[in-house]
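Visitor: Generate a structure from the sequence data that follows.
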Amino acid sequence: MHQDAFPGQDISDRPLPEVTLPFWAWLEGQDPMRVTGQRFEAQGTVWEVPA
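Guide: Numbers count the residues shown, from 1 in each chain. All right, here's what the predicted structure looks like:
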């Protein structure tokens with residue numbers, strides 16, 4: 001979609017969906033009141049919500 005909106009722009013520095021998809025799946029399973037206002041790196045391998 002980004003390429004459609006901005007033709008010719010180089011987006012090769014962006015992670016592929018299969019890299020970030022595990023993060024989004026993990027995030028969907030979290031209690032939203034525990035993760036609100038926190039920052040996570042979707043390309044990481046471990047995501048934790050501080051106790």
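
Visitor: Under the pLDDT cut-off, which ranges of the protein? List them.
Guide: Within the chain, the stretches falling below the threshold (pLDDT under 70) are 50-51.

Visitor: Check it for its longest helix and report it.
Guide: For the chain, the helix reaching the highest residue count under DSSP state H is reported as helix 17-28.

Visitor: Buried residues of that helix, list them for me.
Guide: Using 16 or more other CB atoms under 10 Å as the test for burial, helix 17-28 gives Phe23. Just so you know, the C-beta spots here come from the backbone N, C-alpha and C atoms, and that holds for glycine as well.

Visitor: For the following helix or strand past that helix, which outside residues touch it?
Guide: Counting by DSSP states H and E, the element after helix 17-28 in chain order, helix or strand, is helix 32-35. Contact with helix 32-35 is made by Leu27, Val49, as judged by CB atoms under 8 Å, 6 or more residues apart in numbering.

Visitor: next one: stretch 44-51
Guide: Contact partners of stretch 44-51, identified using CB under 8 Å, 6+ apart, comprise Phe23, Trp26, Leu27, Gln30, Asp31, Arg34, Val35, Gln38, Phe40.

Visitor: Correct me if wrong: the third one contacts Glu41.
Guide: No. At 11.9 Å, Leu27 and Glu41 do not qualify as touching, with contact defined as CB atoms under 8 Å.

Visitor: Okay, and the residue of the chain most remote from its centre sits in which element?
Guide: Most distant residue from the mean C-alpha position of the chain: Gly8, 23.7 Å away (CA atoms, centre = their mean). Following DSSP H and E, there is no helix or strand that holds Gly8.
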